[in-house]
Each structure stands twice: as C-alpha cells, then as structure tokens.
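# Okay, structure incoming, though there's no sequence with it:
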C-alpha cells in the first residue's frame, strides 16, 4: 500500500510540475569576472573553495565558455580526495542546478568523478550529488547519491545509478565537457524527488525518490569533485552554472486541486515602496501562515501565524524583516499556508 501511495504521489507531482512550475533564476556563475562569487564556502572545514582559473587550464576548452572557468580540487587529500563547494541557504528547496562540467572517462590514476550538488547542509553533514562516474569497475554510470556510506551493506543510504541504457547517446568514450542538470523537489515529509539531465536530455528512470533516513527536504547547492588514487584529488572544472527556483504559483495552477474559497490576491500596489497590502481568503477555520521569502529561500518576515476563522483577510507589509531592518529592492515571494494547501506569488520592492 505504501508503495502504491508513493507511486501515486510521484504521478501527481509530475502532472503538477508540467502545469504549475515557474523557473525563476536565483543564482548564476560564469567566473568571467576573474574570481568566484564571494558567497561560495567549503562543505568541509578548512577545505578548498571553488575559484576562477583561465580557460587555458582545463585539458580542453569549453566552446560556449569565456576566458575563465571554475576550478575545485582536494589538493591535500585531507578528505580522501573529495572537494565540495556550496552556496545559498540551507532553507532553499524545490530548485534546479545546471552547469557545464568537465568529465573524466576511465582516468589512468584511479577513480575521478565530477558533478553538481543539491540539498547540502554542512551542519548535519549531508549532501546529494549527481556525478559522472565513468570508471570501468564496477561499470560506467551517472550516479545520484548522498555521502552516507553504510559499512554493513557496503552501499550509500541513498544511491541510484543511471547505466548506459538510461543515458541518451550512451557513455562517452573520452574526457570532455558535458552539461549536467538536476531538479530536486520536496514532495512531502517523507519523499524527496530528483530529475537528472545529461546534455539537455532527461535520464531514463526519473524521477528518482529518496525516502532514506538521511533524506533531505532542503539545502544548499554546489559543486563536487572526487578522486581516489591520484594522490592529490582531481581538478574539477565548471562553467555556466545556473540555479533556478521551481516554486509553483497559483496563477499557473490549472489542475483544480485548490478549494474554491482558498485564495491569495496579488499584492497592491506592485511594485511597491515602502509598503504593500496582501489580501487572502480561507474557506474553513484553520492554522494559517503567511510568510515572505527572498529568492534564495530565506525567510524574511512572518506576517501571520495562528488560527483564523473562515473569511477575508488583509495584511500590510512595510518592507522590513523580523529585526525591523528595511530589505533591499528586489523580487520577493509571499506564501499562504492553510490546511495542507499552499499558494505562492511574487512581488517587487522598488526603491
């Protein structure tokens, strides 16, 4: 029964994604300034952070690149050849990460994987990566897995392998640049789902779901490099990184699942400065939450949190956060939660 429920949940999610998702770019990185974005940080303490290097540094240049690329490597092998750089907030959820990544095929010095990272949180020691693992042993594949290795079963607590038959065009035979993309969505309290893409084409077997004990429901995005046997890690090269929010908006929800009298109006005025009014309607009494987030998923201000009877409501936001500080100009999301339903819309503060 649980398996049937899970499959049904995924089917519903797939339908919702096709009708309701809005891709909103929240981060880009092409290293063309000659340096990496200052918000990059190391997942492991005192480890390397992605940096910009000349396009002449990788073994092959990227045709769609510029003068610089990102470089990441565990030079001192203090983490057994693993290097992970992360960015964004740990509260970020439902997003995609896409990047051009230099991939190694059957590296002569040992295992050599590169890829992208989602739902990372260094405070609890967990991250999930999509990595090109083209070693001949046990077999070449694209892997989606976390970093929790179970010595009892000799497997990761969450892992999925896309084999040659799952990869359009098959396994590459030479080192080179490829486009990797992963979409991650938190379905409910028990399931996180992933869609993986290779050179712009979805891999067979998606979505892949994680229901393990180490399942993540939110987290930072990032880059991954790993080498075992080379003595100093492997240089990972990355370019054209794009992170997009996949949060749905009610004006694009056409599947009729929202109750008729559950509504969130567009704020007015919009754009606004310094304050705006948000109106909403609930059909039955319930606990109601109305909160504002920035595009990285960080909560800015909770406007409503508590039980409310059925009716029409209106609240004003003065453009300030929980500490009373005025927030900068930009696009913000406001989300209404009530009785298991969620509606989100966008608004713009313009000074």
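Arrived safely. Fair warning: this is a prediction, and the values are worked out from it, not measured in the lab.
# tally of neighbours for the nearest residue to residue 302 once chain neighbours are set aside?
Of all residues beyond its chain neighbours, the one nearest residue 302 is residue 291 (4.7 Å), with distances taken as Cβ to Cβ, 6 or more residues apart in numbering. Every C-beta, even on glycine, is put in place using the N, C-alpha and C of the backbone. Counted with other Cβ atoms under 10 Å, residues neighbouring residue 291 total 17.
# Which secondary structure element is home to residue 291?
Residue 291 belongs to strand 286-293 when elements are defined using DSSP states H and E.
# quick one, the helix or strand immediately after that strand in the chain and strand 286-293 angle?
Where DSSP H and E defines the elements, the next helix or strand beyond strand 286-293 is strand 299-308. Interaxial angle of strand 299-308 relative to strand 286-293 (axes from the mean of the first three to the mean of the last three Cα atoms, to 10 degrees): 170 degrees.
# Name the residues of whichever helix or strand comes after strand 299-308 that are buried.
Downstream of strand 299-308, the first helix or strand assigned by DSSP H and E is strand 311-317. Across strand 311-317, burial judged by 16 or more other Cβ atoms under 10 Å covers residue 317.
# ok, strand 311-317: who's next to it in the sheet?
Using DSSP bridges, strand 311-317 pairs in its sheet with strand 276-282 (antiparallel).
# what's the offset of the partner strand from the middle of its chain?
Distance of strand 276-282 from its chain centroid, counting by Cα atoms, centre = their mean, to the nearest Å, is 29 Å.
# List the buried residues for it?
For strand 276-282, the neighbour count (16+ other Cβ under 10 Å) marks 276, 278, 280, 281, 282 as buried.
# same deal with stretch 29-41?
29, 30, 31, 36, 40, 41.
# Could you tell me the end-to-end distance of that stretch?
This stretch, stretch 29-41, spans 14 Å end to end (Cα to Cα, to the nearest Å).
# Distance of the residue nearest the centre of the chain relative to residue 185?
When Cα atoms, centre = their mean is applied to the chain, the residue found nearest the centroid is residue 95 (4.1 Å). Residue 95 sits 9 Å away from residue 185, going by Cβ to Cβ, to the nearest Å.
# if I look at these two, which residues touch both of them?
residue 246 (Cβ atoms under 8 Å, 6 or more residues apart in numbering).
# rewinding a little: which residue sits closest to the residue nearest to the centre of the chain, ignoring its sequence neighbours?
residue 245 (5.2 Å).
# hey, what's the one you found bridged with?
residue 24, residue 95.
# Then residue 286?
Residues in beta-bridge contact with residue 286 (DSSP bridges): residue 308.
# now do residue 225
Assigned bridge partners for residue 225, using DSSP bridges, are residue 83, residue 114.
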